[in-house]
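**Student:** build me a model:
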Amino acid sequence: MRAVITGGAGFLGSHLCDKFIAEGWEVLSLDNLITGVEANHTHLARNPKFKSLHADVCEPFSVDGAVDYVLHFASPASPFDYLKFPIETMRVGSVGTQNALDLARAKKAKFFIASTSECYGDPDVSPQPETYWGHVNSIGPRAVYDEAKRFAEAMTMAYHRYFGVDTHIVRIFNTYGPRMRLKDGRALPNFVHQALTGQPITVYGEGQQTRSFCYVSDLIDGIYKLAMSDEHLPTNIGNPQEITILQFAEKIREHFENAPKIIFEPLPQDDPKQRCPDISKAKRLLGWTPKVGLAEGLKITMDHFKREFAAAAAG
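**Tutor:** Numbers count the residues shown, from 1 in each chain. This is a model prediction of the structure:
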């Protein structure tokens, strides 16, 4: 069995490559590296089941040989990245999604799209079930990502309904773990980078907005189960343990002897006040629940970040 994974050099894409290879698949990773990191594949370089290509999936592309699964994970995903690359984000969610779907259709392969909890916007309902249609500002600064993913879901369902492509959609909630970029702008790497460089930790608003953080191995396990299922409608995968951003910042401070102080800055426009998945569907259909608690996951992740930072400082 052979899988093509777009965005395969990214944080989640690279872990997904590992998972499929561990399950016995051959994997072709495609990435244009605007946010992906080639080093995420270093450990796979000599694996005969793995191959990576530098490619932009927004441009027409073809893949030689049989393909059994196309998994579309290419996209800037952090606010820092998608605000820096707004047009690229919109294109990879639209043109890139259609190109990936066309590959799946041509190869008679299954198709899997990485969508996001951002489809729910700043929700009026919490926790968010898949049946909630969302509360999204379609012209706000975050819309380049939110609407790209909502469009990608619509395109995926259109290919399923009109062309019979065997499609699957995951809505990913906040995920963390090794291989996140220290400067990607999301809460965890941002807090850690500030602490490692002796800066105060920046919390936006009063820090009472909530998030729920899922360790990467749990997320990848849920994604694989969903990919192997017969479910075509969107499915939430995330950890429902909700925590305020201020509480989260305090947990990061606990990992440093000289804990940095916390400072507060204005809340960005359209920043969600709550983000918590209703995972009852994943439990029922996939038998999936997260296993790694926040304390355990943070220790592994913090150790990784500290090693990475020390290596970079050493040159």
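**Student:** you'd agree Lys306 is up against His193?
**Tutor:** No - with contact defined as Cβ atoms under 8 Å, Lys306 does not reach His193; the gap is 11.3 Å. Every C-beta, even on glycine, is put in place using the N, C-alpha and C of the backbone.
**Student:** neighbour count for these two, which is higher?
**Tutor:** Set side by side, Lys306 and His193 show more neighbours around His193, with 18 against 15, by other Cβ atoms under 10 Å.
**Student:** what's the helix or strand containing the more buried one packed up against?
**Tutor:** Following DSSP states H and E, one finds His193 within helix 187-196. Under the contact criterion of 3 or more Cβ pairs under 8 Å, 6 or more residues apart in numbering; DSSP states H and E, helix 187-196 touches strand 201-204, helix 245-253, helix 294-313.
**Student:** what inclination does that helix have with respect to helix 245-253?
**Tutor:** 50 degrees (axes from the mean of the first three to the mean of the last three Cα atoms, to 10 degrees).
**Student:** could you give me the buried positions within helix 187-196?
**Tutor:** Ala187, Leu188, Pro189, Asn190, Phe191, Val192, His193, Gln194, Ala195, Leu196 (16 or more other Cβ atoms under 10 Å).
**Student:** what about it, average pLDDT?
**Tutor:** Averaging pLDDT along helix 187-196 yields 93.
**Student:** the inter-axis angle of that helix versus helix 294-313?
**Tutor:** Interaxial angle of helix 187-196 relative to helix 294-313 (the same axes, to 10 degrees): 50 degrees.
**Student:** the residue lying closest to Ile172 once chain neighbours are set aside: neighbour count?
**Tutor:** Nearest non-adjacent residue to Ile172, counting by Cβ to Cβ, 6 or more residues apart in numbering: Thr116, 5.5 Å away. By other Cβ under 10 Å, the residues close to Thr116 number 20.
**Student:** ok, Pro60 next?
**Tutor:** Neighbours around Pro60, by other Cβ under 10 Å: 9.
**Student:** show me what the helix or strand hosting Val170 is packed against.
**Tutor:** Counting by DSSP H and E, the element that carries Val170 is strand 167-172. Here strand 167-172 touches strand 110-116, helix 143-163, helix 216-227, strand 235-237, going by 3+ Cβ pairs under 8 Å, 6+ apart.
**Student:** sorry, back to before: my guess is the residue nearest to Ile172 contacts Arg171, does it?
**Tutor:** Yes - between Thr116 and Arg171 there is a contact under Cβ under 8 Å: 6.1 Å.
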